[in-house]
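Undergrad: Provided below are the primary sequence and the corresponding predicted coordinates.
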Amino acid sequence: MPKIKKQKTPQREYWIQAVNSLIKTYGKGHVITRSELKDYMLVHYGIEDGSFHPTDYCYNSIDEYKLKHPESFPQLFVQTEDGGFECVGQNYPYTGPVYHNQKRKNQPEKKVAEWKNGKCTILDPKYEPILRRP
C-alpha cells in the first residue's frame with residue numbers, strides 16, 4: 001500500500017490560532033513577552049524557539065525574510081517599545097508607523113509605511129506585497 005503524505009499545517013495557521021486564543025482568553029490588546037510566546041507556541045503547537053520570530057507577524061515591523069515570503073506572515077501583533085507583543089489579530093485598525101529592520105545589513109531602521117485606522121500608506125512600492133490587506 002502506498003504511503004499517504006501527511007498534510008503539514010503551515011506555521012502561519014498556528015500563529016493565527018494562537019493569537020485568536022490569546023485574545024479570547026485575555027482580550028484584544030493583551031501584551032505578551034517573547035519568552036511567554038515561546039513557551040505558548042511550544043506547549044500548544046510544538047513549535048520550538050529558533051524556528052520563529054514574532055516580529056514577522058507584526059503590523060509595525062518588516063525584515064528581509066518577510067519581504068521575500070509575504071504570504072507566510074499574517075499581521076497579528078503590534079510590537080511595543082519595550083519589546084512585547086500586543087495581541088490584536090488580523091484586520092486590526094492599526095495606526096502607526098512600519099519600520100524595516102535592516103540589522104543584518106548594518107543599517108538603521110527605515111520607516112517604510114504608515115497605518116491609519118487600518119489603512120496603509122506605503123512610502124516605497126517594494127513593501128506593497130507585505131503591507132496590503134488580503
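TA: The structure has been received and is ready for your questions. Computed from a predicted model, the values in this text were never measured in an experiment.

Undergrad: buried set for the helix of greatest length in the chain?
TA: Within the chain, and with DSSP state H defining each element, the longest helix by residue count is helix 11-26. Using 16 or more other C-beta atoms under 10 Å as the test for burial, helix 11-26 gives Gln11, Arg12, Tyr14, Trp15, Ile16, Ala18, Val19, Leu22, Ile23. From N, CA and C alone the C-beta is placed, and that goes for glycine too.

Undergrad: What is the nearest of those residues to Ser61?
TA: Nearest to Ser61, judged by C-beta to C-beta, of the buried residues of helix 11-26 is Trp15 at 14.4 Å.

Undergrad: how much space between the residue nearest the centre of the chain and Pro125?
TA: Central residue of the chain (C-alpha atoms, centre = their mean): Tyr57, 0.3 Å from the mean position. From Tyr57 over to Pro125 the distance is 23 Å, taken as C-beta to C-beta, to the nearest Å.

Undergrad: Ranking helices and strands of this protein by mean pLDDT, which lands last?
TA: Every helix and strand in the chain was compared by mean pLDDT, DSSP states H and E; the lowest is helix 128-131, with a mean of 68.

Undergrad: Quick one: list the elements packing against the longest helix of the chain.
TA: Packing partners of helix 11-26 (3 or more C-beta pairs under 8 Å, 6 or more residues apart in numbering; DSSP states H and E): helix 34-45, strand 85-87.

Undergrad: Let me have these in CSV, adding mean neighbour count and distance to Lys119 as columns.
TA: Shown next, in CSV, are the helices and strands packed on helix 11-26 (neighbours: other C-beta atoms under 10 Å; distance: least, C-beta to C-beta, whole Å):
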stretch, mean neighbour count, distance to Lys119
helix 34-45, 15, 28
strand 85-87, 22, 19
